[in-house]
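Asks: fold the following for me, if possible:
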Amino acid sequence: MSYTANKGYERPIKDIDIIGSQDGSEQIAKGLKEKGYTQESFVDKAFPFYDHLSKHSASKYLRFIRDGKAIEIMITDMPLAGGHVSADLYPGLGFSLPQWAIQQTVLGNVRFNAVSPETLYSIYKVGLRTWGLFVRTRMEQRKKDLANLEEIVDKNKLTDLVKGTRIHVGRLNFEVPKILVI
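Replies: Here you go, the predicted structure:
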């Protein structure tokens, strides 16, 4: 919403998705609980590989809920090496992307680091073309979000992002197939 609100596309925010490192995650959990949030996992039976992921849900996939609003935090190390930032999505599945793909943005009066519009667009597009085939919840909203992001995405940056992003599956390391993004 921090990118599309300036162009006139806003919608109620259902949850906030955060990728964070293990450092400080216990303090964050404690602070949110003190503010009245309850903690659970955001891994549910609708997730592909639910049985495998549920083993990691208490330490890696956190959800804090208060007043029907959720803060979802995926815990992963994000090492920076050679101008790239890496993150693990699932055990054995991760990605690395150029450091420039993370930038500062603003929503309301809150300034924070987030992935670029091009990165967010790529995540939505790949998601719809892969796990979106299985997880159909909020599909119309996802498509509308994607269409509004597409209006602000810099196509040259998107091409550079796809060239500079790598997917890691086990010991395999390969480029994102362009057909999934562009």
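Asks: how does this protein divide up, domain by domain?
Replies: As assigned by automatic domain parsing, the chain contains the domains 22-75, 77-182.
Asks: among those, which gets the worst mean confidence?
Replies: Among the domains of the chain, domain 22-75 carries the lowest mean pLDDT, a mean of 80.
Asks: from one end of that domain to the other, what's the distance?
Replies: Domain 22-75 has an end-to-end distance of 6 Å (criterion: C-alpha to C-alpha, to the nearest Å).
Asks: now Leu120: which helix or strand?
Replies: For Leu120, the host element (DSSP states H and E) is helix 117-129.
Asks: let's see the very next helix or strand once past that helix as PDB, backbone CA atoms only.
Replies: Going down the chain from helix 117-129, the next helix or strand is helix 139-150, by DSSP H and E. C-alpha atoms of helix 139-150 as PDB (Å, rounded to 0.1, in the frame of the first residue of the first chain):
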ATOM      1  CA  MET A 139      -7.600 -14.300  -5.400                       C
ATOM      2  CA  GLU A 140      -9.500 -11.300  -6.700                       C
ATOM      3  CA  GLN A 141      -7.700  -9.000  -4.200                       C
ATOM      4  CA  ARG A 142      -4.300 -10.400  -5.200                       C
ATOM      5  CA  LYS A 143      -5.100  -9.800  -8.900                       C
ATOM      6  CA  LYS A 144      -6.200  -6.200  -8.200                       C
ATOM      7  CA  ASP A 145      -3.100  -5.600  -6.100                       C
ATOM      8  CA  LEU A 146      -0.900  -6.900  -9.000                       C
ATOM      9  CA  ALA A 147      -2.700  -4.800 -11.600                       C
ATOM     10  CA  ASN A 148      -2.100  -1.600  -9.500                       C
ATOM     11  CA  LEU A 149       1.500  -2.500  -8.900                       C
ATOM     12  CA  GLU A 150       2.000  -3.000 -12.600                       C
END
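Asks: give me the contact list for helix 139-150.
Replies: With contact meaning C-beta atoms under 8 Å, 6 or more residues apart in numbering, helix 139-150 is reached by 3-4, 7, 9, 11, 117, 120-121, 124-125, 127-128, 132. All C-beta atoms are positioned from the backbone trio N, CA, C, and that covers glycine.
Asks: swap the cut-off to 7 Å and go again
Replies: With C-beta atoms under 7 Å, 6 or more residues apart in numbering as the test, helix 139-150 has contacts from 3-4, 7, 9, 117, 120-121, 124-125, 128.
Asks: let me know the angle separating it from helix 117-129.
Replies: Angle, helix 139-150 to helix 117-129, by axes from the mean of the first three to the mean of the last three C-alpha atoms, to 10 degrees: 150 degrees.
Asks: helices and strands around the next helix or strand after helix 139-150, which ones?
Replies: Later in the chain than helix 139-150, the nearest helix or strand by DSSP H and E is helix 155-164. Packing partners of helix 155-164 (3 or more C-beta pairs under 7 Å, 6 or more residues apart in numbering; DSSP states H and E): strand 93-98, helix 117-129.
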